[in-house]
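# with the input below, show me the fold.
(2 chains)
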Amino acid sequence: MATRAGPSGIASGLLSPELLGFLVVWALGTVGYVLFPDDLAFLTRIVSIAFLVLSLDLVTGYCGVATLGHAALFGIAAYAAGNAARAGWADPLVLLAIGALVGAVSGLATGALIARFRGLPQLVLTIAVGQLVAALCNKLGWLTGGSDGLSDYTVGPLFGRIAFDMYGRVAFLMSVAILAVVFALLLRIVRSPFGLLTRAIKDDTVKARMIGASIYPRLVAMYGLSGAVAGIGGALGAITAGVVGLDGVSFERSASALVMLVLGGAGNLWGALAGTLVFHVFEHLVSTANPFHWMSLVGAMLILVVVFAPRGLSFGAIVLWSKLRARSP
Amino acid sequence: MPGGNLEVEDLVAGYGATRVLEGVSMRVAAGERLAVLGRNGVGKTTLLASIMGLTQRHGGAVRIDGQDVSRSSTSDRARKGLGYVPQTRDVFRSLNVEENLVAGLKGKPRDLTRVAYEMFPRLAERHWNLAGQLSGGEQQMLSIARAILGEPTVLLLDEPLEGLAPVICDNLMAALGELSAQRAVTMILVEQQIQRALDFAENAVVLDRGRLVWQGRSADLAASPELVERYLGAASA
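The predicted model follows:
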């Protein structure tokens, strides 16, 4: 049961939201590990994308910044981790730190530009930034491997001892552990005064100014944080997949991340997580069942969700849960 | 010098090219309570919004403790001690009651939300509800409570009693009076309930068509049915 912070923060539950988030991610990871031992590479990829969707949620769901170029942060960090490994930085945790740092710096740099605008100009700007990064990655073949991708690097064992196995067990468990920690931290941050003010800014910028909030610095700071989270996801992908391709910075990657977020429910980290999972599992199932029309089925599912749960599956689940509780004696 | 001195000098302001205030000047000393009165549409709300930097200023100045804030942004003015409770109830609808209060704490300890819950027990009962789900009166309580938690030195209140039950109005005015007395918070109150406003504030100003047409002690205005009739259109205060 999650903690419900009562008046003046008095806890009335057993678990804090952060601990609950940490445990749920571990529980899901354990279920995946036990039930799908042959699909761990696929599950690890989902975890990597989950970072991107969480990162997107921070700026879109919590700050109201419309973006269709967020994969740029993910991809830049992936290339940075790949190049660092190529340069001899083989420790996976160091590579993750490099990914987070590069993602954060990229987030701050692009956020400083994007946060100056609102609405459609902002959306167009994010697309332009994403396309620019994608074009550069394609052009700078010596750094990115161009269309062939970057793969001539080796990642060392975890903690200098635990080598990555061919079944993807170590990679998956490491990914789940990092996701659990980052998810718990993000749950903390969005409930902090900083996180609440970003939500207030999304709600109404004028009202936020009236209580003394500086809009622009907070949006840029959130963009930096979002970049760090996307960067961890990108680096994780580079470490566990052993290759970084142009798809990591593509418009399609940005758009699909947004779809996952809308599916799960923007402005709710649980929704970002749920959207990533549901989207990938559904995509996997229908593409296996019907290799010719699976895209149509994914599209149909999205239409149904938008029609019947426009605020996403997580919000729909919350409403349903509230109704069930109200009916129970 | 204690904080909370406010000076408005020859202020001309409005919305875009439209001028609503035409050279308003007034001084409010630290800890003073001032009622801003006038008929509908004479510029009372615009005056508070202009002090907060939410309108187009065409001339004049606003000073807080002698410091000119005329060119400062709204957030800067809020950080310099201005608190504002607008008529429109500035709650963040997607945040719950507790989160709204924490957002107004400006980094101070969360435990201070207890002050708000003591002032408005109804908010404590609904602390988990989204602000958008609250009734109008509850939103008003939340808006006021959050402004108070920001520990302003000057509090601008635009019709805070609108939509509140009489008993809550009494509690609120008592709480505001206590706040003013204990912390010497300067308060500028725009209120349609003239008698309550005059009872609360020691001084009053009357606006008419964007100009200040009367200023003095509230008691003098309350004692003069003729003045009340002339400026406020009411038979008696």
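# hmm, A:Leu297 is touching A:Pro291, no?
No. Counting by C-beta atoms under 8 Å, A:Leu297 does not reach A:Pro291; the two are 11.2 Å apart. Quick note: C-beta positions are derived from backbone N, CA and C, even for glycine.
# neighbours of residue 102, how many?
Picking chain A for this. When neighbours are defined as other C-beta atoms under 10 Å in any protein chain shown, A:Val102 has 24 of them.
# let me rephrase: I mean chain B.
27.
# report the secondary structure element holding the closest residue to chain A within chain B.
Closest residue of chain B to chain A, C-beta to the nearest C-beta: B:Ala78 (3.4 Å). Taking DSSP states H and E as the criterion, B:Ala78 maps to helix B:74-79.
# now swap in B:Glu7 and tell me
strand B:6-15.
# buried sites along the next helix or strand after that strand?
Counting by DSSP H and E, the next helix or strand C-terminal to strand B:6-15 is strand B:18-28. Within strand B:18-28, the residues scored as buried using 16 or more other C-beta atoms under 10 Å in any protein chain shown are B:Arg19, B:Val20, B:Leu21, B:Glu22, B:Val24, B:Met26, B:Val28.
# just put those residues in JSON lines and tack on pLDDT and distance to chain A.
Shown next, in JSON lines, are the buried residues of strand B:18-28 (pLDDT from 0 to 100; distance: C-beta to the nearest C-beta, whole Å):
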{"residue": "B:Arg19", "pLDDT": "96", "distance to chain A": "21"}
{"residue": "B:Val20", "pLDDT": "97", "distance to chain A": "18"}
{"residue": "B:Leu21", "pLDDT": "97", "distance to chain A": "19"}
{"residue": "B:Glu22", "pLDDT": "96", "distance to chain A": "25"}
{"residue": "B:Val24", "pLDDT": "97", "distance to chain A": "21"}
{"residue": "B:Met26", "pLDDT": "96", "distance to chain A": "21"}
{"residue": "B:Val28", "pLDDT": "96", "distance to chain A": "19"}
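# and A:Ala300, backbone torsions?
phi -60, psi -40 (degrees, to the nearest 10).
# centre of the chain versus the longest helix along chain A, how much separation?
Ordering each helix of chain A by length in residues (DSSP state H) puts helix A:215-241 first. In terms of C-alpha atoms, centre = their mean, to the nearest Å, the centre of helix A:215-241 is set 8 Å apart from its chain centre.
# ok, that helix near chain B or not?
Yes. Judged by C-beta under 8 Å from any C-beta of the partner chain, helix A:215-241 and chain B are in contact via A:Ile215.
# how about that helix: buried residues?
Within helix A:215-241, the residues that count as buried by 16+ other C-beta under 10 Å are A:215, A:218-241.
# list the contacts for residue 218?
With no chain named, the answer covers chain A. If you count contacts by C-beta atoms under 8 Å, 6 or more residues apart in numbering or on different chains, A:Arg218 has them with A:Cys63, A:Phe194, A:Leu197, A:Thr198, A:Ile201.
# hmm, no, I was thinking of chain B.
Counting by C-beta under 8 Å, 6+ apart, B:Ser218 touches B:Ala35, B:Ala197, B:Leu198, B:Asp199, B:Ala201, B:Glu202, B:Asn203, B:Ala204.
# over to B:Leu157?
Contacts for B:Leu157 were tallied using C-beta under 8 Å, 6+ apart; they are B:Val85, B:Ile144, B:Leu176, B:Met187, B:Ile188, B:Leu189, B:Val190, B:Glu191.
# give me that answer again for 10 Å
B:Leu157 makes contacts with B:33, B:35-36, B:48, B:83-87, B:143-144, B:147, B:172, B:176, B:187-191, B:197, B:200, as judged by C-beta atoms under 10 Å, 6 or more residues apart in numbering or on different chains.
# now swap in B:Gln215 and tell me
B:Ser25, B:Met26, B:Arg27, B:Leu34, B:Val36, B:Asn203, B:Ala204, B:Val205, B:Val206, B:Leu207, B:Leu221.
# I figured the fifth one hits B:Ser50, correct?
Yep, that's B:Val36 we're talking about. No. B:Val36 is not in contact with B:Ser50 according to C-beta atoms under 10 Å; the separation is 11.8 Å.
# for those two, work out which one has more neighbours and name it.
A side-by-side neighbour count of B:Val36 and B:Ser50, using other C-beta under 10 Å, places B:Val36 first with 27 against 24.
# ok so, going back, among the contacts of A:Arg218, which ones lie close to chain B?
For chain B, the contacts drawn from the contacts of A:Arg218 by C-beta under 10 Å from any C-beta of the partner chain are A:Phe194, A:Leu197, A:Thr198, A:Ile201.
# phi first, then psi, for A:Val244.
Main-chain dihedrals, A:Val244, degrees, to the nearest 10: phi -120, psi 120.
# that one against A:Ser48, yeah?
No. A:Val244 is beyond contact range of A:Ser48, at 11.4 Å (criterion: C-beta under 10 Å).
# could you pull out the strands for chain B?
Taking DSSP state E as the test, the strands found in chain B are B:6-15, B:18-28, B:33-37, B:56-64, B:67-68, B:82-85, B:154-158, B:186-190, B:203-208, B:211-217.
# so what's the residue nearest the centre of chain B bridging to?
Compute the mean C-alpha point of chain B, and by C-alpha atoms, centre = their mean the closest residue is B:Leu157, 1.6 Å away. Assessed by DSSP bridges, B:Leu157 has beta-bridge partners B:Val85, B:Leu189.
# ok, back up a step: report the buried members of the contacts of B:Leu157.
Listed as buried from those are B:33, B:35-36, B:48, B:83-87, B:143-144, B:147, B:172, B:176, B:187-191, B:197, B:200; burial here means 16+ other C-beta under 10 Å.
# so where's the chain uncertain?
Here I'm looking at chain A. Counting by pLDDT under 70, chain A contains low-confidence ranges at A:1-14, A:322-323, A:325-329.
# not quite, go with chain B.
Along chain B, the parts satisfying pLDDT under 70 run over B:1-2, B:234-237.
# show me the helices in chain A, by range?
A:17-35, A:40-56, A:71-86, A:92-114, A:119-139, A:141-144, A:169-191, A:193-203, A:205-210, A:215-241, A:251-264, A:269-289, A:294-308, A:313-327.
# between those, which one is closest to B:His58.
Proximity to B:His58 (C-beta to C-beta) singles out helix A:205-210 among the helices of chain A, at 20.2 Å.
# just the CA atoms of the closest one, as PDB, please.
Below are the C-alpha coordinates for helix A:205-210, written out as PDB (Å, rounded to 0.1, in the frame of the first residue of the first chain):
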ATOM      1  CA  THR A 205       2.400  29.900 -16.000                       C
ATOM      2  CA  VAL A 206       0.800  33.200 -14.800                       C
ATOM      3  CA  LYS A 207      -0.300  31.700 -11.500                       C
ATOM      4  CA  ALA A 208       3.100  30.100 -11.100                       C
ATOM      5  CA  ARG A 209       4.700  33.500 -11.500                       C
ATOM      6  CA  MET A 210       2.400  35.000  -8.900                       C
END
